[in-house]
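# Build me a model:
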Amino acid sequence: MLNKVKSIAVRTRVGKWLRAMKHIAKVAQQESYYPELPRKSYGQRVLDLLRWRQKWREVHRFYNAYGQDCVGADMDAYMDYFTSYMGSRDRLNAVDKLWNMTCLFEDKFLFYRTMKSLGAPTPEVFAFIHYGNIYDATMNPLERDALEQQKDFFLKDAYGICGNLVKHIEGYAQLVKLLEEIPQDGAYVLQERIRQCDEENRLYPNAVNTIRLVTIRKRGGEPRLLAKMQRIGTSKSNNVDNWAAGGIAVGIEGNGFLKRWGLYKYMYGRKTDCHPDSGVRFSDFKVPMLEEAIALVLNLHRYFYNIHSIGWDVALTPEGPVVVEGNENWDMGLAQACDRPLRKEFMDSID
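Numbering: from 1, shown residues only. From the prediction side, this is the model:
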């Protein structure tokens, strides 16, 4: 019996390594994000990825997006996923404690009510659907026909991530049809459409282009800004700005202008210096209301005192910055690919 258990354990370890090697070979064969720079040999790239796998227990999916395939790249400056999330984030955010606050971000209706209670600008939710029952924003029951006059809004999965199940609704007939198609055991919010400012419309008018601001705080300290980037929708992303859906992400310089290169997530492309649909050159575009948006989220993070780091998605409207979402599970890969290596700053923030 003992020999059988050992044999299963060996096969399991071998199977894991074979799967890892397959993924490593795939990453090493991917095109470079920076073909204008001298690239390491294929063998060196595989060796880099093997070392990363051995050291951090993960296949390095962002190896090329970080430019680590290029000669002279400093791999040690970048934060790995395992330490930042499994090794640090959950512990720092007290996810297994009674004082866990992350649920306030994971439910869009609960997040909306929290933002309203804090007086923060946020898109209005006028209805909440739970197990087929419809409620208004104060949880009073509604009949379906009470929504007949609503036009031009969004239905969103209350627990959705990465732009999952976000539907633009133009009228009541479309809403009724959609309500018959979606799972009845889910939770959904009906949210008014955000009207973004003219500058963001110039960047790309068919999506709400949000800025992602990552704030971080030591225990008992004041929040500070860790990373910032502009997320932009494309025709490829079905007009949402999510990087995981085919949108573009661009880092923001200290002076508020976008960096030269906008990046796609690796399954959608590599990089571009101008928007593929609007033609706007990123390095010529200055993000409006940036300082106001940063001040807004830094102040909000003070209320979420048990959460170590938060990725805020902020829309820029004619009336000012509006907080769309807060994410305790913000994307370290996105932040480092667009902004800069974050290992030292992240680790320095841990008590």
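
# When you work out contacts or count neighbours from here on, use the C-alpha atoms and nothing else.
OK.

# separation between residue 109 and residue 320?
Noted for residue 109: a distance of 22 Å to residue 320, by C-alpha to C-alpha, to the nearest Å.

# Same question for residue 296.
Between residue 296 and residue 320 the distance is 10 Å, computed by C-alpha to C-alpha.

# thinking again about what came up before, comparing residue 109 and residue 320, which shows the higher neighbour count?
Between residue 109 and residue 320, residue 109 has the larger neighbour count (other C-alpha atoms under 10 Å), namely 25 against 16.

# If I follow the layout properly, the more buried one ends up in contact with residue 157?
No: applying C-alpha atoms under 8 Å as the test, residue 109 and residue 157 come out as separate, 9.7 Å apart.

# Next, the buried residues of stretch 282-293.
Using 16 or more other C-alpha atoms under 10 Å as the test for burial, stretch 282-293 gives 282-283, 285-288, 290, 293.

# export those residues to TSV and tack on distance to residue 98 and secondary structure?
Converted to TSV, the buried residues of stretch 282-293 look like this (distance: C-alpha to C-alpha, whole Å; DSSP: H, G, I helix; E, B strand; the rest coil):
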residue	distance to residue 98	secondary structure
282	44	helix
283	46	helix
285	45	coil
286	43	strand
287	39	coil
288	39	coil
290	35	helix
293	31	helix
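
# Serialize the residues you listed to TSV and add fields for distance to residue 302 and pLDDT.
Listed next are these as TSV, based on distance: C-alpha to C-alpha, whole Å; pLDDT from 0 to 100:
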residue	distance to residue 302	pLDDT
282	32	98
283	33	98
285	31	98
286	28	98
287	25	98
288	24	97
290	19	98
293	15	98
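
# Sketch out the low-pLDDT regions of the protein for me.
1-12, 86-87, 162-164 (pLDDT under 70).

# Which parts of it are strands?
125-130, 133-135, 141-142, 153-157, 166-169, 187-192, 211-216, 224-232, 248-252, 258-263, 271-272, 309-317, 320-327 (DSSP state E).

# what about the ones you listed, which gets the closest to residue 105?
Minimum separation from residue 105 across the strands of the chain (C-alpha to C-alpha) falls at strand 320-327, 5.6 Å.

# For the closest one, which strands pair with it and how are they oriented?
Sheet pairing of strand 320-327 (DSSP bridges) gives strand 309-317 (antiparallel).

# Please work out which residues outside the partner strand touch it.
Applying C-alpha atoms under 8 Å, 6 or more residues apart in numbering, the contact partners of strand 309-317 are 89, 194-197, 200, 208-217, 288-289, 293, 297, 301, 321-331.

# Now list the buried members of those.
Using 16+ other C-alpha under 10 Å as the threshold, 89, 194-197, 200, 208-217, 288, 293, 297, 301, 321-330 are the buried ones among the contacts of strand 309-317.

# returning to that earlier point: next, show the common contact partners of residue 109 and residue 157.
residue 189.

# still on that earlier bit, tabulate the strands of the chain (TSV), appending distance to residue 98.
Shown next, in TSV, are the strands of the chain (distance: least, C-alpha to C-alpha, whole Å):
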stretch	distance to residue 98
strand 125-130	25
strand 133-135	28
strand 141-142	30
strand 153-157	26
strand 166-169	31
strand 187-192	24
strand 211-216	21
strand 224-232	26
strand 248-252	36
strand 258-263	39
strand 271-272	43
strand 309-317	18
strand 320-327	19
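
# Point out the most buried one among these.
Ranked by mean neighbour count, the strands of the chain are led by strand 248-252 with a mean of 28 (mean count of other C-alpha atoms under 10 Å).

# Which elements pack onto it?
In terms of contacts (3 or more C-alpha pairs under 8 Å, 6 or more residues apart in numbering; DSSP states H and E), strand 248-252 is packed against strand 224-232, strand 258-263, helix 332-338.

# Identify the neighbouring strands of the second one in the sheet and state each direction.
Using DSSP bridges, the strands paired with strand 258-263 in its sheet are strand 248-252 (antiparallel), strand 271-272 (antiparallel).

# what separates the last one from the chain centre, distance-wise?
In terms of C-alpha atoms, centre = their mean, to the nearest Å, the centre of strand 271-272 is set 19 Å apart from its chain centre.
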